[in-house]
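Asks: okay, sequence plus prediction incoming.
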Amino acid sequence: MIIAIDGPAASGKGTLGKRLAAHYGLRHLDTGLLYRAVAHAVLSAGHAADDRSRAAAAAQALDPTGFDEAVLKSQAVGEASSVVSAFPEVRAALFAFQQEFAAEPPGAVLDGRDIGTVICPQADVKIFVTASPEARAHRRWLEFSARGLPVAEAEVLADIRRRDERDSGRAVAPLKAADDAHVLDTTELDVEAAVAAAIVLVEARRSRA
Ligand SMILES: Nc1ncnc2c1ncn2[C@@H]1O[C@H](COP(=O)(O)OP(=O)(O)O)[C@@H](O)[C@H]1O
Ligand SMILES: Nc1ccn([C@@H]2O[C@H](COP(=O)(O)OP(=O)(O)O)[C@@H](O)[C@H]2O)c(=O)n1
């Protein structure tokens, strides 16, 4: 079984992806980490995120095993990742790895922006997770605070809005719900309620199979 989860920044894709993978005994891939790792490689080599040829080269050279999530999940890397991810060469370089990951038995849960539309259009279940920008900013701010990263909530909200706009507006693989995706709005749901709602969607699909 392949479960595709897409949605805007900090909507809870990764949390849901991990929980569904554990529940169904599937592997999980947070595809945002791939774009974050490319952005981090470009920045740490002293280049700007909008340096297209450096970003393409970093994506082609990427070793997608063993990411340091603490480093990649910073605000600066998040912002840069949405710049590098708009380059078609970067997306092309990361395409095969994601498709191969999904194809390996017994299946997988992948989360990102284009899983249901581009990477796994054949996914058994597609979930588009969303929540209000304010709820998402608050959750991400809590996360940064818990990690001891001081940042103003208004700044997190501005970053989220900027990234959503860039991710939705790009020409290649923009952030959008697939026509056959179930939209799950978690603004009023805590993690447990969101996981339970997602399991209901997966079970409904399985009972039709
Ligand atoms: N339904 C929810 N209610 C409250 N907090 C949530 C919910 N889903 C996720 N979170 C929290 O919000 C933050 C962002 O979630 P995450 O799964 O990392 O989102 P994404 O992968 O979409 O960026 C995390 O700190 C996570 O624990
Ligand atoms: N499948 C994907 C996943 C992420 N991305 C890009 O990578 C950035 C970081 O993704 P992420 O999932 O780690 O971001 P958060 O939702 O965790 O903040 C996004 O803003 C997108 O620009 C993408 O283009 N396609």
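Replies: Nice, thanks for sending it over. Ligands and ions are numbered 1, 2, ... in the order given.
Asks: so the nearest residue to residue 61 once chain neighbours are set aside: helix, strand or coil?
Replies: Once flanking residues are discounted, residue 61 sits nearest to residue 41: 7.6 Å by Cβ to Cβ, 6 or more residues apart in numbering. Placement of C-beta: from N, CA and C, glycine included. Under DSSP: H, G, I helix; E, B strand; the rest coil, residue 41 falls in the helix class.
Asks: average pLDDT for the helix or strand hosting residue 207?
Replies: For residue 207, the host element (DSSP states H and E) is helix 191-208. Averaged over helix 191-208, pLDDT sits at 95.
Asks: before we move on, what about stretch 27-37?
Replies: Stretch 27-37 comes out at a mean pLDDT of 98.
Asks: give me the distance between the two termini of that stretch.
Replies: Its start and end residues considered, stretch 27-37 measures 20 Å (Cα to Cα, to the nearest Å).
Asks: distance between it and the chain's centre?
Replies: Chain-centre distance of stretch 27-37: 7 Å, with Cα atoms, centre = their mean, to the nearest Å.
Asks: how about it: buried residues?
Replies: Neighbour counts over stretch 27-37 (16 or more other Cβ atoms under 10 Å) mark 28, 29, 30, 31, 32, 33, 34, 35, 36, 37 as buried.
Asks: repeat for stretch 98-115
Replies: Neighbour counts over stretch 98-115 (16+ other Cβ under 10 Å) mark 98, 101, 102, 107, 108, 109, 110, 111, 112, 113, 114, 115 as buried.
Asks: over whichever helix or strand residue 17 is part of, what's the mean pLDDT, rounded is fine.
Replies: Per DSSP H and E, residue 17 falls inside helix 13-24. Averaged over helix 13-24, pLDDT sits at 98.
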